[in-house]
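*Asks:* one predicted model, sequence on top.
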Amino acid sequence: SREDFQRIPELAINPLGDRIINAFFPEGEDQVNFRGFMRTLAHFRPIEDNEKSKDQNGPEPLNSRSNKLHFAFRLYDLDKDDKISRDELLQVLRMMVGVNISDEQLGSIADRTIQEADQDGDSAISFAEFVKV
């Protein structure tokens with residue numbers, strides 16, 4: 001259950017702990033089964049050189065670079081609209097740094113990040129733009 005995850009000290013003190021915990025649970029669910037737990041946990045496994053044993057017709061491994069990037073992107077995409085807006089970036093930055101940086105400084109970081117990553121001019125970061133950064 002979510003409560004079980006929240007009792008893990010490393011997650012409890014992690015500024016993104018709630019976002020990581022949420023990644024384990026399908027929409028609207030409060031419990032995760034073993035299979036779902038392992039599927040999410042696999043994203044944290046190091047990328048190995050599987051080229052020789054990789055089944056070319058099989059699914060991409062959950063710990064592939066692409067799947068790891070999708071997982072990280074979803075941690076930032078709070079409203080699940082497939083874009084990271086300035087507000088979403090600000091919320092995640094606040095989670096990460098708390099009150100150690102002023103809102104003005106955080107806003108400046110978010111603005112610069114969007115400016116550098118946004119290639120199509122929509123003032124948000126798409127997954128393709130996220131991958132390039």
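*Replies:* Right, received. Where do you want to start? Numbering: from 1, shown residues only.
*Asks:* just checking, His70 touches Phe127?
*Replies:* Yes. Counting by C-beta atoms under 8 Å, Phe127 is a contact partner of His70 at 7.1 Å. Yep, even glycine has a C-beta here, placed from its N, CA and C like the rest.
*Asks:* who's in contact with the closest residue to Gly107 other than its chain neighbours?
*Replies:* Using C-beta to C-beta, 6 or more residues apart in numbering and skipping the chain neighbours, the partner closest in space to Gly107 is Leu90 (6.8 Å). Contact analysis of Leu90 by C-beta atoms under 8 Å, 6 or more residues apart in numbering lists 106-107, 110.
*Asks:* quick check: buried residues in the longest helix belonging to the chain?
*Replies:* If each helix of the chain is counted by residues according to DSSP state H, the longest one is helix 103-117. Residues of helix 103-117 classed as buried: 106, 110, 113-114, 117 (neighbour count, 16 or more other C-beta atoms under 10 Å).
*Asks:* now Arg2: how far from Phe24?
*Replies:* Applying C-beta to C-beta, to the nearest Å, one obtains 8 Å for the distance of Arg2 from Phe24.
*Asks:* and what of Gln115?
*Replies:* In this structure, Gln115 and Phe24 are 33 Å apart, going by C-beta to C-beta.
*Asks:* sorry, back to before: show me which pair in the buried residues of helix 103-117 is furthest apart.
*Replies:* Distances among the buried residues of helix 103-117 were taken as C-beta to C-beta; the most separated pair is Leu106 and Ala117, at 16.3 Å.
*Asks:* now the strands for this structure?
*Replies:* Ranges of strands in the chain, per DSSP state E, are 83-85, 124-126.
*Asks:* tell me where this protein has helices.
*Replies:* Taking DSSP H as the criterion, the chain contains helices spanning 2-6, 9-13, 17-23, 34-41, 65-76, 86-97, 103-117, 127-132.
*Asks:* adding mean pLDDT and distance to Ile47, write the ones you listed out as a markdown table.
*Replies:* Compiled in a markdown table, the helices of the chain are given as follows (pLDDT from 0 to 100; distance: least, C-beta to C-beta, whole Å):
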| stretch | mean pLDDT | distance to Ile47 |
| --- | --- | --- |
| helix 2-6 | 92 | 24 |
| helix 9-13 | 90 | 22 |
| helix 17-23 | 90 | 18 |
| helix 34-41 | 92 | 15 |
| helix 65-76 | 92 | 6 |
| helix 86-97 | 91 | 24 |
| helix 103-117 | 94 | 23 |
| helix 127-132 | 96 | 15 |
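*Asks:* right, I'll leave it there.
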